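[1] Sequence first, predicted model second:
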Number of protein chains: 2
Amino acid sequence: MEVELSARSRQILEAIVEDYIATAEPVGSSAVARRHALTLSSATVRNVMANLEEMGLLTSPHTSAGRIPTEKAYRFYVDSLVALRRVSREEKRQIIRHCRQSGAGLSGILKETSRTLSQLSSYMGVVVAPSFTSDVFRHIEFIRLGHRKILAILVSSKGAVQNRLIETEVDHAPEELLRMGNYLNEMMRGLTITQARERILTEMKNEKAQYDHLMSQALRFSEQAVTVESDEIFIEGQARILDQPEFSDAARMKEIYEAFEQKGIILQLLSRCMTADGVQIYIGSETSLSRSADISLITARFVTSSNTVGMLGVIGPTRMGYSSVIPIVDYTARMVSRLLSET
Amino acid sequence: MEVELSARSRQILEAIVEDYIATAEPVGSSAVARRHALTLSSATVRNVMANLEEMGLLTSPHTSAGRIPTEKAYRFYVDSLVALRRVSREEKRQIIRHCRQSGAGLSGILKETSRTLSQLSSYMGVVVAPSFTSDVFRHIEFIRLGHRKILAILVSSKGAVQNRLIETEVDHAPEELLRMGNYLNEMMRGLTITQARERILTEMKNEKAQYDHLMSQALRFSEQAVTVESDEIFIEGQARILDQPEFSDAARMKEIYEAFEQKGIILQLLSRCMTADGVQIYIGSETSLSRSADISLITARFVTSSNTVGMLGVIGPTRMGYSSVIPIVDYTARMVSRLLSET
DNA sequence: GTTGGCACTCAAAGGTGACGAGTGCTATTT
DNA sequence: AAATAGCACTCGTCACCTTTGAGTGCCAAC
């Protein structure tokens, strides 16, 4: 889908896209001629615009309104027109400060990052925690909470913690639990969570384990503990999207909010981005989010020292301030990667 | 603010409130006379309605519309008119099932509860986790994650887990961390988190501790670990509120969503409910949530075996189906209490 | 190739009047 | 004296119309 355009057409298209991003109103030929101090009359611009419309880059909502960029136009815009803004010193400061300040483990950092993204972009921030499964196992522990109830705590080397309540058939003494823990910690040292899980399953079939009651118990408990729940995902700044005029109507918004309550959808979407490096941009239907709502998504992945991969980004209207959001997402991903690699 | 009303006035008021709850439209005199098969003409109803308006229980948006209940009317309605529906067998089944199914510790249960509340009421469900602080301390543990980085894990007897990343000045060997943990676990056995915190602070001034380097380190770490973050709060079903006609306008909704992003506000609100037993109902301005938005809140507290208290409830429009939501909240609170007391 | 001019289109905004739901008052019935 | 029927009145809603103006497309002129 290569688009060939003369320099002038490009210039005009850029002007239209940026105008529309700024105002959310269809932009007319005279507005382009005036605002951009091109040495062109509106009539000429009109001719060019007619061309662009024919090429599927613009549409008019009706005959006597201005024109609106299509998805294709946004695509072209971000691919070859947009002049990326620098991330300002102040923004950098904010990103770094927020990354660091949060005290409460991995979740805390990521949640704070999501909030920062939302603040700086004025759209929604979204962060998907690195999948636990490829993290390296660090520690497992069983704590007796009460009669026949124990809490399993699983810690990865990145500080991600997962805990799970387990009901047991018999009551276990703390010493037993300690021995189980030691046994498992020994067994799973250095493995990733996925590997650990496999190891547990093979061990369970092992003859020796089957005769040692305590060991078989330990294996069964740990099998529950390493079964990973759905990934953590942080979406912040949902209210901000209401500022966008195109979402001021209730039906539209409902669609979006419902999409987001199904966090699974986003997860699926984002998992696609995991493979590629650098900033990824999905415009409108490319997001395969709710059918019609004009949503765009700018994401980048971040990595940790143990090579697990997470995702962060910004969700906003197609009519989004790409020139400033793209660098922010990029920079934030770098910072988070650096922070998480300092282990 | 006692309101004295004749039986007939009460009946009519009830009819109006319920009609309005059902339709969200101002209700007129003839509608009342007809729908309720009272042996009264619309003219008579009009007289009564004029009375009720004088008493501040009704308002008319304009001369020739029907009338709308005021906050005061809702208050009176829930205090002395409403006929509570039974919780249906099916609803009970759902509540119980959802409470139990969730595997992932306390947070999981509470989140699921919030979702269930939202589903059954068709409004928003909200759950505030029992404040950790009055929970009994169970276990503390330090895990070395990497160079000069340790993870502190604090577990309460109810299975609530809090973890915190700590950067240390020197690198600690696992054995040291183990000894610290043992020391602290011994020291804080049987105390509540609050008491444990105090204990730590007094110990830190203790001479003996000041000379034992390891001990003083342990105390400093644990002090960070027991410092409680903001309470956990689960709000589910935010999209549902968009179904309510009175919130179909964007400005209204924005107000609400912003209020909820500031979870602190809700927390403050809910903490008031903690003291009282049974179902609490806050109507409109009583919620002291966003000034104007017509929001009501139905809450009940739940308790755990260790006597910590959490809050759950439903947030909806003032025009809410009180007769069915109140029993649902009540029943859910009882179930959650029972579930959490089974330790 | 660019431009000015002009006829044309169409949504948005404003105005008008019929309609009807609902009220308040009063005279009348029970 | 309480309940009702009747009636004039109010006022928002709806359907319909006109006006306005931004914007287009096309053509003839530069």
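    Sure thing, it's come through. Note that the structure is a prediction, hence the values are computed from the model and not measured.
[2] does the closest residue to chain B within the stretch 1-150 of chain A have beta-bridge partners, and which?
    Using Cβ to the nearest Cβ, the single residue of the stretch 1-150 of chain A nearest to chain B is A:Gly146, 3.8 Å away. Heads up, the C-betas are built off the backbone N, CA and C, glycines and all. Using DSSP bridges, the beta-bridge partners of A:Gly146 come out as A:Lys149.
[3] gap between it and DNA strand D?
    60 Å (Cβ to the nearest atom of the strand, to the nearest Å).
[4] can you count the residues close to that residue?
    Applying other Cβ atoms under 10 Å in any protein chain shown, we find 16 other residues in the vicinity of A:Gly146.
[5] Quick check, pLDDT for it.
    In this model, A:Gly146 is scored at 81, pLDDT.
[6] likewise A:Val136?
    At A:Val136, the pLDDT value in this model is 86.
[7] Can you pull the phi/psi pair for it?
    Reported as degrees, to the nearest 10, the phi and psi values for A:Val136 are phi -80, psi 130.
[8] Settle this for me: it is touching A:Ser156, isn't it.
    Yes - between A:Val136 and A:Ser156 there is a contact under Cβ atoms under 8 Å: 6.4 Å.
[9] Could you verify my assumption that A:Ile298 touches A:Val279?
    Yes - proximity of A:Ile298 to A:Val279 meets the contact threshold set by Cβ under 8 Å, at 6.5 Å.
[10] Of these two, which one has the most company?
    Between A:Ile298 and A:Val279, A:Ile298 has the larger neighbour count (other Cβ under 10 Å), namely 27 against 21.
[11] what sits against that one?
    Going by Cβ atoms under 8 Å, 6 or more residues apart in numbering or on different chains, A:Ile298 touches A:Val279, A:Gln280, A:Ile281, A:Tyr282, A:Gly313, A:Val314, A:Gly316, A:Met320, A:Tyr322, A:Val325, A:Ile326, A:Val329.
[12] want to throw these into TSV with secondary structure?
    Below are the contacts of A:Ile298 laid out as TSV (DSSP: H, G, I helix; E, B strand; the rest coil):
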residue	secondary structure
A:Val279	coil
A:Gln280	strand
A:Ile281	strand
A:Tyr282	strand
A:Gly313	strand
A:Val314	strand
A:Gly316	strand
A:Met320	coil
A:Tyr322	helix
A:Val325	helix
A:Ile326	helix
A:Val329	helix
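[13] which residues do A:Ile298 and A:Val279 both contact?
    What both A:Ile298 and A:Val279 touch, as defined by Cβ under 8 Å, 6+ apart, is the set A:Ile326, A:Val329.
[14] most neighbours, which of the contacts of A:Ile298?
    A:Gly313 (31 neighbours).
[15] In the beta-sheet assignment, what are the partners of it?
    Going by DSSP bridges, A:Gly313 forms beta bridges with A:Val126, A:Thr299.
[16] Tell me the spacing between it and A:Ser122.
    Per Cβ to Cβ, to the nearest Å, A:Gly313 is found 14 Å from A:Ser122.
[17] got it, and A:Ala33?
    According to Cβ to Cβ, A:Ala33 and A:Ser122 sit 30 Å apart.
[18] A:Phe132 now?
    In terms of Cβ to Cβ, A:Phe132 sits 31 Å off from A:Ser122.
[19] same question, A:Gln162
    Taking Cβ to Cβ, one finds A:Gln162 at 34 Å from A:Ser122.
[20] So the two - more neighbours on which side?
    A:Gln162 (21 against 17).
[21] Disregarding residues adjacent in the polypeptide, which is nearest to that one?
    Leaving aside its chain neighbours, A:Gln162 sits nearest to A:Leu154 (4.7 Å; criterion: Cβ to Cβ, 6 or more residues apart in numbering or on different chains).
[22] Kindly report the same for A:Leu340.
    Closest to A:Leu340 by Cβ to Cβ, 6+ apart is A:Thr304, at 4.3 Å.
[23] ok, the one you found - how many residues close by?
    Residues lying near A:Thr304 (other Cβ under 10 Å) number 24.
[24] if we can go back for a sec, now do the contacts for the residue nearest to A:Gln162.
    Going by Cβ under 8 Å, 6+ apart, A:Leu154 touches A:Phe137, A:His139, A:Ile140, A:Val161, A:Gln162, A:Asn163, A:Arg164, A:Ile193, A:Ala225, A:Val226.
[25] I'd like these as CSV, with distance to A:Thr63 and secondary structure appended.
    As requested, the contacts of A:Leu154 are exported to CSV (distance: Cβ to Cβ, whole Å; DSSP: H, G, I helix; E, B strand; the rest coil):
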residue, distance to A:Thr63, secondary structure
A:Phe137, 65, strand
A:His139, 68, strand
A:Ile140, 68, strand
A:Val161, 61, strand
A:Gln162, 59, strand
A:Asn163, 62, strand
A:Arg164, 62, strand
A:Ile193, 60, helix
A:Ala225, 65, helix
A:Val226, 63, helix
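[26] Tabulate the residues you listed (JSON lines), appending distance to B:Thr202.
    JSON lines is the format used below for these (distance: Cβ to Cβ, whole Å):
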{"residue": "A:Phe137", "distance to B:Thr202": "38"}
{"residue": "A:His139", "distance to B:Thr202": "30"}
{"residue": "A:Ile140", "distance to B:Thr202": "34"}
{"residue": "A:Val161", "distance to B:Thr202": "29"}
{"residue": "A:Gln162", "distance to B:Thr202": "34"}
{"residue": "A:Asn163", "distance to B:Thr202": "30"}
{"residue": "A:Arg164", "distance to B:Thr202": "35"}
{"residue": "A:Ile193", "distance to B:Thr202": "40"}
{"residue": "A:Ala225", "distance to B:Thr202": "36"}
{"residue": "A:Val226", "distance to B:Thr202": "40"}
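[27] which one of the residues you listed sits closest to DNA strand C?
    Compare each of these with DNA strand C using Cβ to the nearest atom of the strand and the shortest gap goes to A:Gln162, at 51.9 Å.
[28] DNA strand D versus the closest one, what's the distance?
    Distance from A:Gln162 to DNA strand D, by Cβ to the nearest atom of the strand: 54 Å.
[29] low pLDDT regions in chain A?
    Low-confidence segments of chain A (pLDDT under 70): A:1-4, A:37-38, A:101-105, A:228-231, A:262-265, A:290-292, A:306, A:343.
[30] Residue numbers of it in contact with DNA strand D?
    For chain A, the residues in contact with DNA strand D (Cβ under 7 Å from any atom of the strand) are A:26-31, A:42-43, A:46, A:49-50, A:53, A:60, A:63-67.
[31] 6 Å instead?
    Within chain A, the positions near DNA strand D by Cβ under 6 Å from any atom of the strand are A:28-31, A:43, A:46, A:49-50, A:60, A:64-67.
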